[in-house]
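K.L.:
Okay, sequence plus prediction incoming.
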Amino acid sequence: MSIQSYGIGSPTRGFVFRVGEKRAIAHTVSADDPFAVDRVSVALFDSVGTAVVSGASGTITAVSATQYQLGYVWDTTGLAAGDYGYQLRYYVDAEELLIPGTVSLLPLTSKYDRWVTRVTAWIAENQVAEAQRQLTYTDLTQALQTALDRYELDQPRRILETVSLSAGVFEYSLPSGWAGSFSRVASFEYPVDDTDQCRQYLEVFEWETDEALGTWRFTVDVPSAGQVARIYYTARHTLSHTADTIPADHFEAVSMYAAGVALLTLANLAAQTTGPGIGADLVSYRTKQQEYQSQAKELMRRAESLWGCVNTLQPFVTWPYFPWHGR
């Protein structure tokens, strides 16, 4: 006898709860022939595999002789936000069957919330109703992270850090926000004299960074006591439950790009959908995939244009010719 299971009350690819909630992890199991579920036990694990619930009793609700609802109400009070895994075991005659799954436990409030709402709205504007049913909160946050990875290539975070220098010391730790293989120094002001109308910046050969050692150093000057340097550098953006460094002016563009990434996820799901393989059904799946891909590309293209993609072609500008007469 073949028994099938699917989640109820949320997408089958993951439940989303908030810290402090008491919510049900619920699945429906069904078969073509009558059967009986003897009992249900539940185990939950945190992201490193430590059990937070072990061997708890679940509930069984008979819908019919061939269908049962299995559940467990999880009290998340006092638990940390994060990703959790569960194993829902149920017993049919002599068989022990397992339903694994995941729960994303979110903080009561999250920086992601407004982003997820806007991404969903972008998709709704493109009349893709499947997003509401097939894309989870986690899918949308992952789409946002993908959008962020693309965005910061064109618009990295820019940080100005002031470093207090010591007499005779020419080597210092890299700035706190420095990201290896990503960050670049945009300007290096030294010596700093805010009483002077003209600022002084070092030439590129007058300093160097060493990511292997996590340091930067002067290659020409040696500081005096009381001096400071200002390093203006690029860094990665952060978007998490507790932090958001993306400028407000680019909220629409980044959320639009994330909507495009989410649509590509839907396109992949459509491609993986298995049907009877007959004519109209197969064409329908392919049509959906192509539609999602087309909409995704258009959203992503528009988003890049809005935030200022470095690969966007700029209008041709002619400059007046000034002959160089030398000195």
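P.N.:
Cool, the structure landed. All of these numbers come straight from a predicted model, not from anything done at the bench.
K.L.:
What does A81 show for phi and psi?
P.N.:
phi -60, psi 150 (degrees, to the nearest 10).
K.L.:
now swap in V63 and tell me
P.N.:
Torsion angles, degrees, to the nearest 10, at V63: phi -90, psi -40.
K.L.:
who's in contact with the nearest residue to it once chain neighbours are set aside?
P.N.:
Leaving aside its sequence neighbours, V63 sits nearest to Q69 (C-beta to C-beta, 6 or more residues apart in numbering; 6.0 Å). For glycine as for every other residue, the C-beta is placed from the backbone atoms N, C-alpha and C. For Q69, the residues meeting the contact criterion (C-beta atoms under 8 Å, 6 or more residues apart in numbering) are 8, 26-28, 59-61, 63.
K.L.:
Okay, now the unreliable bits of the stretch 1-150 of the chain?
P.N.:
Scanning the stretch 1-150 of the chain for pLDDT under 70 picks out the ranges 1-2, 5-13, 130-133.
K.L.:
hey, where'd the strands end up in it?
P.N.:
Shown for the stretch 1-150 of the chain, the strands assigned by DSSP state E, counting those that start in this stretch span residues 4-7, 15-18, 22-30, 39-45, 51-57, 59-64, 67-75, 82-92, 95-106.
K.L.:
now do the stretch 201-327 of the chain
P.N.:
So, for the stretch 201-327 of the chain - with DSSP E, counting those that start in this stretch - the strands run 207-210, 215-218, 228-235.
K.L.:
What confidence value was assigned to N311?
P.N.:
pLDDT recorded at N311 is 54.
K.L.:
thinking E206 is in contact with V222, fair?
P.N.:
No - E206 lies out of contact with V222 (C-beta atoms under 8 Å); the separation is 11.5 Å.
K.L.:
can you pull the buried residues of stretch 75-89?
P.N.:
Burial within stretch 75-89, assessed by neighbour count using 16 or more other C-beta atoms under 10 Å, is assigned to 76, 79, 81, 84, 86-89.
K.L.:
ah, wrong one, I meant stretch 99-114
P.N.:
So, applying 16+ other C-beta under 10 Å, buried residues of stretch 99-114: 99, 101, 103-107, 110-112.
K.L.:
could I get that stretch in CSV with only the CA atoms?
P.N.:
Taking C-alpha atoms only, stretch 99-114 is exported to CSV below (Å, rounded to 0.1, in the frame of the first residue of the first chain):
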residue,chain,number,x,y,z
ILE,A,99,7.7,12.7,7.4
PRO,A,100,10.6,15.1,7.6
GLY,A,101,10.3,18.9,7.2
THR,A,102,11.5,22.3,8.2
VAL,A,103,10.2,25.2,10.2
SER,A,104,11.5,28.7,9.9
LEU,A,105,11.1,30.4,13.3
LEU,A,106,11.1,34.2,12.8
PRO,A,107,11.4,36.9,15.4
LEU,A,108,8.2,38.7,16.4
THR,A,109,9.4,41.5,14.1
SER,A,110,11.8,41.2,11.3
LYS,A,111,13.5,43.6,8.9
TYR,A,112,12.6,41.2,6.2
ASP,A,113,8.8,41.7,6.7
ARG,A,114,8.4,44.8,4.6
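K.L.:
Could you measure from the closest residue in space to S41 that isn't next to it in sequence over to Y257?
P.N.:
Sequence neighbours aside, R89 is the residue nearest to S41 in space, at 4.9 Å (criterion: C-beta to C-beta, 6+ apart). Applying C-beta to C-beta, to the nearest Å, the value for R89 to Y257 is 41 Å.
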